[in-house]
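[1] the following block contains a protein sequence and its predicted model.
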Protein chains: 2
Amino acid sequence: MKKSEINSTEIARLAGVSRSTVSRVINNYSNVPAETRDKVLKVIQQYNYFPNVSAQVLAGKRARTIGLFLINQGSVSGDILTNMLIVSVIEHASAHGYYVLTHIIRNAKDTEVIQNVREIFFQRRIDGGIFIGASNREPFIEELVEEGFVIGIVDQELSDHPEPNRIVSKFNNDSGMKQAVAYLAGLGHSQIGVINGDMNRLSGMTKYEGFTTAMGMCGLQVNPDWVLDGDFNETSGYQAIQTLMQKGVALPSAIIAANDSVAFGAIRGLKEHGLRVPDDISVIGFDDHAMSAKHHPALTTIRVDFGDMLKRMTSYLITKIEQNTPDIKEITIDCSLVVRDSCRRI
Amino acid sequence: MKKSEINSTEIARLAGVSRSTVSRVINNYSNVPAETRDKVLKVIQQYNYFPNVSAQVLAGKRARTIGLFLINQGSVSGDILTNMLIVSVIEHASAHGYYVLTHIIRNAKDTEVIQNVREIFFQRRIDGGIFIGASNREPFIEELVEEGFVIGIVDQELSDHPEPNRIVSKFNNDSGMKQAVAYLAGLGHSQIGVINGDMNRLSGMTKYEGFTTAMGMCGLQVNPDWVLDGDFNETSGYQAIQTLMQKGVALPSAIIAANDSVAFGAIRGLKEHGLRVPDDISVIGFDDHAMSAKHHPALTTIRVDFGDMLKRMTSYLITKIEQNTPDIKEITIDCSLVVRDSCRRI
DNA sequence: CTGAAAGCGCTTACAG
DNA sequence: CTGAAAGCGCTTACAG
């Protein structure tokens, strides 16, 4: 048995009906009598026939494929979180009968790379796409939205004039930062530093803003010496500590990192300088990365449910593709403190 | 500017040529004068035109998409290795101008799941597919090979009668096990146990066979009490230790685990029983998982280059798709010992 | 060098 | 309830 080249004409002939009827059976038209349907179905199964998807799409059906675009400058392959995101989208799309074309964008500024992404949409390979890791209001994504494609963007918020083909999701970083600061304040910390994420991304900005707001609400001063740059990667946490040490200033008693990877890097840096966590300095992360519980010390962090976010994002995207509803979709997910061993009372 | 509905007829009209010529330009036919080409290209760019991929495929072009099928009973989302595999395939496919449709198979025995996989091929969504994690000679994959689809299978070997549309890859587990046993023997171990992987998979079988062979070559006895069942997952390593302890027999001085996840589980189990690694018992893994260097103790293991394997698999697959060469492709990759801290001299 | 035309395998008004 | 026919947007022999 070789690659079956069977098509609807053949099925029609074998079942003694017209191609129209075969198509009606495949597409579950109601006006096909059970008897005819069964007859056709039997032939379809017997000959292992599946309609050619290109022909279906060309004739007006959907591709039933969504694009998943991961934007990341280098850490894509090493991150367990990335894997969770991919798997989450694939499995939820699959549950809706959709397939996922995953694409990795190493450099969102490279015009060739951008052109390639646009091609995927314009070629009609996909019915819509989800972007993860993009800078806030990334221009090429904005263009795709303007073109009318159905686009889901993680870590983004709606503008004043939201388009119905844009779906957006974010975490309540404000709430997360408030919890982190409140917890540290409760432990007696007043000298709290922060290692920021990528400030071009919404979560980078909102986490920092949340931090300053929360500090204010707890009546604490933000010491500029303790506000350190970072980019959400482990290395940047390590670097931030190097920078802090080189300043030769007094150290904070606690540090909040923009995410757990940054926290890992920071702890590594602190250890190298002979500082113990949490004995000498407390560290709190953000995300509750899969590694955080296994880390030494186990990392206190703000848990965030990426799986749930992507699940909802995927569902909304597919609903939007299929029904093209005019309603505006914005997903906001709360986050919550997980206390482990990386902070101490002073 | 809304979703551009421009097509080749429109481009032809705007450029003052026929659709044939537009198509020739797009497909780089040599018989188009530079002047005509430039004229057409200009219009194409100006109007942001990309040919509809469904129409192209229907007219005989390739979909330029490969399927990536991950078979796994539960550990897909939690494994950093899985992510590396996915990313490796995507990036190498991308380098060849191909896209990747990733699909997760939780249960390879579920007929509905299998039907869904077959559909992906028969619908002509993909030009070929790569399977990772399949049982040896998984029937539904064998069928797809018989149907003539271009299929790459990881952790599999060629049969006596190899089909030209089958590409197969494996690690030299024999060599790996020899290195592991030789290293332990060199440290003075003679009482060596093993925790097996999934014996339905080729690597499960060959690792165990390699172990017994290597033991024989070092003049060591395989003690059946120390041959433990596992399935490549962390939990199975933990369980194996429970089982071993319940036997109430003498313990081996060293254990070789079918992979690093199993080793992690085993070490966790040993710790719970108050045994220290490597002080009380040595453990050696297989794979050099991304976590192994960071583990406590840092895991001595057999390194295996999955990235290289998938890169080559992806390249071969695409070459095979494009040229349909009759040559047989089998990839075998060697592996090598990485000494860290989980084994001690006795 | 280039255009007209057939054909890829479907779906879906249209007509009966 | 069902078939004949048009049409989706391309590619590619074919003819000139």
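    That came in fine, so what should we check first?
[2] wondering if stretch A:249-268 reaches chain B at all.
    No: with C-beta under 8 Å from any C-beta of the partner chain as the criterion, chain B is not reached by stretch A:249-268; the gap is at least 9.4 Å. Backbone N, C-alpha and C define where each C-beta goes, glycine included.
[3] sort out which residues of that stretch are buried, please.
    For stretch A:249-268, a neighbour-count test (16 or more other C-beta atoms under 10 Å in any protein chain shown) marks A:251-267 as buried.
[4] need phi/psi at A:F131.
    A:F131 adopts backbone torsions of phi -110, psi 130, taken as degrees, to the nearest 10.
[5] how close does A:T9 sit to B:N173?
    With the distance defined as C-beta to C-beta, to the nearest Å, A:T9 ends up 50 Å from B:N173.
[6] between these two, which one's more packed in?
    B:N173 (25 against 11; other C-beta atoms under 10 Å in any protein chain shown).
[7] the closest residue to the more buried one other than its chain neighbours: what's it in contact with?
    With sequence-adjacent residues excluded and distances taken as C-beta to C-beta, 6 or more residues apart in numbering or on different chains, B:N173 is closest to B:T206, at 4.3 Å. Listed by C-beta atoms under 8 Å, 6 or more residues apart in numbering or on different chains, the contact partners of B:T206 are B:170, B:173-174.
[8] where's B:T206, which helix or strand?
    helix B:202-217 (DSSP states H and E).
[9] again with A:I321
    Counting by DSSP H and E, A:I321 is part of helix A:306-323.
[10] what residues sit buried inside that helix?
    Neighbour-count burial for helix A:306-323, counted by 16+ other C-beta under 10 Å, picks out A:306-307, A:309-321.
[11] next helix or strand past that helix?
    Heading C-terminal from helix A:306-323 (DSSP H and E), you reach strand A:329-333.
[12] in its sheet, what does the next helix or strand after that following strand sit against?
    Per DSSP H and E, the first helix or strand lying C-terminal to strand A:329-333 is strand A:336-338. The pairing partners recorded for strand A:336-338 under DSSP bridges are strand A:301-303 (antiparallel).
[13] now for the residue nearest the centre of chain A: which residues touch it?
    Closest to where the C-alpha atoms of chain A average out (C-alpha atoms, centre = their mean) is A:I132, at 4.4 Å. A:I132 makes contacts with A:68-71, A:85, A:154-155, as judged by C-beta under 8 Å, 6+ apart.
[14] how about a cut-off of 7 Å?
    Residues near A:I132 by C-beta atoms under 7 Å, 6 or more residues apart in numbering or on different chains: A:69-71, A:85, A:154.
[15] then A:R268?
    Neighbouring residues of A:R268 by C-beta under 7 Å, 6+ apart: A:Y238.
[16] again, but for A:V40
    A:V40 touches A:15, A:17, A:21-22, A:25, counting by C-beta under 7 Å, 6+ apart.
[17] repeat the analysis, applying 6 Å as the threshold.
    By C-beta atoms under 6 Å, 6 or more residues apart in numbering or on different chains, the contact set of A:V40 is A:15, A:22, A:25.
[18] re the thing from before, dump the contacts of A:I132 into CSV; add pLDDT and distance to A:V222 as well.
    Converted to CSV, those look like this (pLDDT from 0 to 100; distance: C-beta to C-beta, whole Å):
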residue, pLDDT, distance to A:V222
A:F69, 97, 35
A:L70, 95, 33
A:I71, 93, 30
A:L85, 91, 32
A:V154, 96, 28
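[19] neighbour-wise, which of the contacts of A:V40 leads?
    A:V22 leads the contacts of A:V40 on contacts (other C-beta under 10 Å) with 26 neighbours.
[20] so is the helix or strand harbouring that residue next to chain B?
    Assigned by DSSP H and E, A:V22 belongs to helix A:19-26. No: Helix A:19-26 stays clear of chain B (C-beta under 6 Å from any C-beta of the partner chain), getting no nearer than 11.6 Å.
[21] got the buried residues for the next helix-or-strand element following that helix?
    Heading C-terminal from helix A:19-26, the first helix or strand you meet, by DSSP H and E, is helix A:34-46. For helix A:34-46, burial by neighbour count (16+ other C-beta under 10 Å) applies to A:36, A:39-40, A:43-44.
[22] other SSEs contacting whichever helix or strand A:K170 is part of?
    In the assignment (DSSP H and E), A:K170 maps to strand A:166-171. The contact analysis (3 or more C-beta pairs under 6 Å, 6 or more residues apart in numbering or on different chains; DSSP states H and E) places strand A:166-171 against strand A:150-154, helix A:306-323, strand A:329-333.
[23] hang on, the earlier thing: out of the buried residues of helix A:306-323, the closest to B:P224 would be?
    A:G307 (42.6 Å; C-beta to C-beta).
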